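1. take this sequence and fold it.
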Amino acid sequence: MPSDRDRPPLDEGLLSPVTVGHDETVTDAAYLDALVTAEVALARAYGELGLAPAAVVDEIETEFGWRGGLRGCRDHGVDLTALVSASVAGGNPVIPLVGRLKERVSDDARAWVHRGATSQDIVDTALMLLARTATSKVVAALAHTEVSLRSLARSRRDEVAAARTLTQHAVPTTVGLRAAVWLRGVTRAKERVQVVEQQLPAQLGGAAGTLASFSEIAGSDAAADLPAAFARELGLAVPDAPWHTTRWPITELGDALVQAIDAVGKIAGDVATLSRTEIGELAEGSGGGSSAMPQKRNPAASVLIRSAALRAPQLGATLHLAAALAVDERPDGAWHAEWPTLRELLRLALGATAHAAALVADLHVDTDAVARNLAATGGLVVAERLSLVLGPVAGAEAVSRLVSDAAAGGDGFDPDHLASALAGMPEVAALAAERGKTPEAFVADLLDPANYTGLAGVLVDDAVALSGLTGAGAGARPRLGAHHVRSGRATHAPNARDAPQSPLSDPEENA
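-> This is a model prediction of the structure:
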């Protein structure tokens with residue numbers, strides 16, 4: 001029989017392809033590194049305050065491979081497999097870890113390993129270290145997605161397409177606006193993750209969150225300063241107070257990760273739908289194959305991202321449930337339930353956002369398919385406009401009946417018949433005359449989807465501008481009211497017939 005050491009890891013991603021190649025920062029090995037890093041940082045914090053002898057701090061950080069708060073301890077020599085087995089008895093890995101660390105240092109140094117801390121101080125702090133590394137990667141992936149979406153939104157700003165509501169054609173929109181909607185979601189999610197990343201706090205409260213042990217060791221003033229020194233050593237935020245049972249750092253982190261996965265999940269859902277054979281408006285740059293149907297080009301990246309989006313909300317909910325059940329001064333199980341849940345959520349966010357960045361960067365738009373689908377219902381895609389323009393003069397019921405009759409024609413409907421019927425209406429002829437047009441020209445303009453995209457172009461421009469704002473400039477968010485609007489249309493109203501067909505690559509973004 002093979003020993004435990006010979007057995008492969010339980011999860012290498014065979015059943016979670018969305019995370020393969022993107023979860024190295026949240027493995028058990030990475031978490032062990034973070035645990036050791038937190039222990040060494042505590043000794044260094046004592047040293048910073050002049051409480052631990054410099055020689056002792058030097059011995060501890062040298063023995064366990066300290067490389068600085070951002071790089072942590074890598075070559076610490078703690079056996080992961082042995083630690084895992086030893087963690088069961090006490091319910092967490094810190095109890096056996098502390099024993100192993102103390103065995104390897106001198107008697108003088110041993111007293112300063114884990115001094116005054118409780119297991120939760122180290123477990124929670126290590127989770128924050130793990131989350132910091134993971135969230136920085138998530139933010140970077142979302143930023144790459146933003147760049148590609150800005151380019152797509154600009155290059156397709158005025159390319160008219162059929163908007164769909166409840167799966168059916170509704171009114172005209174633009175390919176650029178669809179991309180801008182994605183962009184707004186990604187931008188917002190990125191900002192949320194960035195804020196949470198900057199606020200990830202260290203944890204240091206002692207056995208029941210009173211810092212009594214630290215006060216006994218060093219006095220009240222030094223005990224009050226120790227959490228900040230600990231946080232500085234690790235590059236984490238200074239905690240306002242111990243948060244052993246006030247779990248907002250976990251739930252806010254979880255919420256931000258879910259929002260990020262939601263944002264890319266929305267993109268994946270649209271891409272999967274619009275790449276259906278009968279629609280064909282979008283295609284992934286490198287679609288997946290089929291074991292039985294070689295002609296297929298499956299939207300594999302979208303499928304993987306959607307798998308993450310379906311799983312993430314329940315993980316976020318589990319974190320909230322655990323927070324609500326964080327009883328007493330240390331929870332009996334709720335705290336433990338957070339660990340694998342948060343790790344899996346980080347893992348999904350890493351994988352989903354990385355796949356989204358690659359997906360959007362190589363997304364193809366089939367202009368012919370977009371135009372074909374837009375024309376599929378003839379003038380019915382502007383039925384709302386017909387009601388608004390003609391209803392007051394011809395009567396809402398008459399216009400509704402005309403549109404309904406046209407819709408009832410099904411696939412055999414002739415759009416020219418609708419145009420002729422409209423042009424033959426006396427009320428239409430009167431409106432055309434008022435505007436100095438023939439009835440035919442007036443109706444052609446009325447039925448042109450490019451003339452009923454509203455403020456789509458303005459919304460694209462705003463989304464692109466907003467996503468480019470960072471830091472202090474982010475407060476100056478563009479607003480629709482800032483644009484000059486005349487007669488209900490933006491002064492730079494879109495014209496689909498002038499739509500640029502530039503590729504996704506954006507020289508300005510790459511400059």
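2. report the longest helix in this structure, please.
-> In the chain, taking DSSP state H as the definition, the longest helix is helix 119-155.
3. in that one, what's buried?
-> 119-135, 137-139, 141-155 (16 or more other CB atoms under 10 Å). In this view, the C-beta of every residue, glycine as well, is placed from N, C-alpha and C.
4. in stretch 432-452, what's buried?
-> When neighbours are counted by 16+ other CB under 10 Å, the buried residues of stretch 432-452 are found to be 432, 439, 442-444, 446-452.
5. that one spans what distance, first to last residue?
-> According to CA to CA, to the nearest Å, stretch 432-452 extends 18 Å from its N-terminal end residue to its C-terminal end residue.
6. and residue 86, what pLDDT?
-> As predicted, residue 86 sits at a pLDDT of 96.
7. looking at it, it is touching residue 98, isn't it?
-> No - Residue 86 is not in contact with residue 98 according to CB atoms under 8 Å; the separation is 11.0 Å.
8. still on that earlier bit, let me know the closest of the buried residues of stretch 432-452 to residue 301.
-> residue 449 (30.2 Å; CB to CB).
9. need the contact list for that closest one.
-> Contacts here follow CB atoms under 8 Å, 6 or more residues apart in numbering; on that basis residue 449 touches 160, 162, 172, 374, 381-382, 496.
10. tell me the least confident of the residues you listed?
-> Sorting the contacts of residue 449 by pLDDT puts residue 496 at the bottom of the list (37).
11. by contact count, what packs against the longest helix of the chain?
-> Packing contacts for helix 119-155, counted by 3 or more CB pairs under 8 Å, 6 or more residues apart in numbering; DSSP states H and E, involve helix 28-48, helix 94-103, helix 175-199, helix 220-234, helix 248-274, helix 334-361, helix 456-467, helix 507-510.
12. residue 361 and residue 25: what is the separation?
-> As for residue 361, its distance to residue 25 is 22 Å (criterion: CB to CB, to the nearest Å).
13. skipping adjacent residues, who's closest to residue 265 in space?
-> In this structure, residue 265 finds its nearest non-sequential neighbour in residue 309, 2.7 Å apart by CB to CB, 6 or more residues apart in numbering.
14. buried sites along the helix or strand where that neighbour lies?
-> With secondary structure defined by DSSP states H and E, residue 309 is part of helix 300-324. Residues of helix 300-324 classed as buried under the neighbour-count rule (16+ other CB under 10 Å) are 300-309, 311-312, 315-316, 318-319, 322-323.
15. re the thing from before, let me have the buried residues of stretch 432-452 in TSV, extended by secondary structure.
-> Written out in TSV, the entries for the buried residues of stretch 432-452 read as follows (DSSP: H, G, I helix; E, B strand; the rest coil):
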residue	secondary structure
432	helix
439	helix
442	helix
443	helix
444	helix
446	helix
447	helix
448	coil
449	helix
450	helix
451	helix
452	coil
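16. neighbours of the nearest residue to residue 120 once chain neighbours are set aside, just the number please.
-> Here the nearest residue to residue 120 in space, its sequence neighbours aside, is residue 244; by CB to CB, 6+ apart that works out to 5.5 Å. Counted with other CB atoms under 10 Å, the burial measure for residue 244 works out to 22 neighbours.
17. cool, and residue 77?
-> Residue 77: 11 surrounding residues under other CB under 10 Å.
18. before we move on, the earlier item: let me have the helices and strands packed on helix 119-155 in CSV, extended by mean neighbour count.
-> CSV is the format used below for these (neighbours: other CB atoms under 10 Å):
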stretch, mean neighbour count
helix 28-48, 24
helix 94-103, 18
helix 175-199, 22
helix 220-234, 19
helix 248-274, 23
helix 334-361, 23
helix 456-467, 22
helix 507-510, 10
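19. and of those helices, who's closest to residue 368?
-> Residue 368 lies closest, by CB to CB, to one member of these: helix 175-199, at 12.6 Å.
20. pLDDT on the closest one, on average?
-> On average, the pLDDT along helix 175-199 is 98.
21. what helices and strands are in contact with whatever helix or strand comes next after that helix?
-> Toward the C-terminal end, the helix or strand that comes next after helix 175-199 (DSSP H and E) is helix 212-218. Of the remaining helices and strands, those touching helix 212-218 by 3+ CB pairs under 8 Å, 6+ apart are helix 220-234.
22. again, 10 Å this time
-> Secondary structure elements in contact with helix 212-218, counted by 3 or more CB pairs under 10 Å, 6 or more residues apart in numbering; DSSP states H and E, are helix 28-48, helix 220-234.
23. mind listing what's buried along it?
-> For helix 212-218, the neighbour count (16+ other CB under 10 Å) marks 213-215, 217-218 as buried.
24. what are the ranges of the strands in the stretch 401-511 of the chain?
-> Per DSSP state E, counting those that start in this stretch, the stretch 401-511 of the chain has strands spanning 485-486, 489-490. These are given in chain order.
25. weakest of those by average pLDDT?
-> The minimum mean pLDDT among the strands of the stretch 401-511 of the chain belongs to strand 489-490 (a mean of 36).
26. distance of residue 436 from residue 445?
-> Plainly put, residue 436 is 12 Å away from residue 445 if you go by CB to CB.
27. overlap of the contact sets of the two?
-> Overlap of the contact sets of residue 436 and residue 445 (by CB atoms under 10 Å, 6 or more residues apart in numbering) is empty.
28. what values do phi and psi take at residue 283?
-> The phi and psi torsions at residue 283 (degrees, to the nearest 10) take the values phi -150, psi 140.
29. how many neighbours does it have?
-> For residue 283, the number of neighbouring residues by other CB under 10 Å comes to 18.
30. for it, which non-adjacent residue is spatially closest?
-> Once its chain neighbours are removed from consideration, residue 283 has its nearest residue in residue 364; the separation is 4.5 Å (CB to CB, 6+ apart).
31. try residue 75
-> Once its chain neighbours are removed from consideration, residue 75 has its nearest residue in residue 65; the separation is 3.8 Å (CB to CB, 6+ apart).
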